[in-house]
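Colleague: Take this sequence and fold it.
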Amino acid sequence: MQLKKLNDKTIDQLFEAILTLKTVDECYIFFDDLCTVNEIQSLAQRLEVARLLGQGATYSQIEAETGASTATISRVKRCLNYGTDGYRLALGRLGR
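Modeller: Numbering: from 1, shown residues only. Predicted coordinates:
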């Protein structure tokens, strides 16, 4: 399933490159070159916010545990409620 807003050959290439990575160490190497430390931390934080929202945590609990702003928590919650279920797909496969 491709989203029209993301449908682009260069984005396909990025996702295909990510899919070639086989270990967490390879991910560290690739993402260290691709992103800033802050970008990687922001992505990880959003995934953790999604996990905590899925467990029923409150905004204040999530803020305290992750340091995420209420704006970030709201954005993630909006994706969980109205998005394409990407967070649920990934978290489900992680078994968390």
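Colleague: ranges for the helices of the chain?
Modeller: All helices of the chain, identified by DSSP state H, fall at 9-20, 24-34, 37-54, 59-66, 70-82, 86-94.
Colleague: So residue 47 versus residue 17, what's the distance?
Modeller: For residue 47, the distance to residue 17 (CB to CB, to the nearest Å) stands at 19 Å. Every C-beta, even on glycine, is put in place using the N, C-alpha and C of the backbone.
Colleague: next one: residue 23
Modeller: Distance from residue 23 to residue 17, by CB to CB: 15 Å.
Colleague: and the protein, what are its domains?
Modeller: 1-34, 37-96 (automatic domain parsing).
Colleague: mean confidence for stretch 27-46?
Modeller: Averaged over stretch 27-46, pLDDT sits at 98.
Colleague: Give me the buried positions along it.
Modeller: The neighbour-count check on stretch 27-46 (16 or more other CB atoms under 10 Å) flags 31, 45-46 as buried.
Colleague: So which residues make contact with it?
Modeller: 17-18, 21, 66-68, 72, 75-76 (CB atoms under 8 Å, 6 or more residues apart in numbering).
Colleague: Need the outlier residue of the protein, farthest from its centre.
Modeller: residue 9 (21.2 Å; CA atoms, centre = their mean).
Colleague: pLDDT score assigned to that residue?
Modeller: 91.
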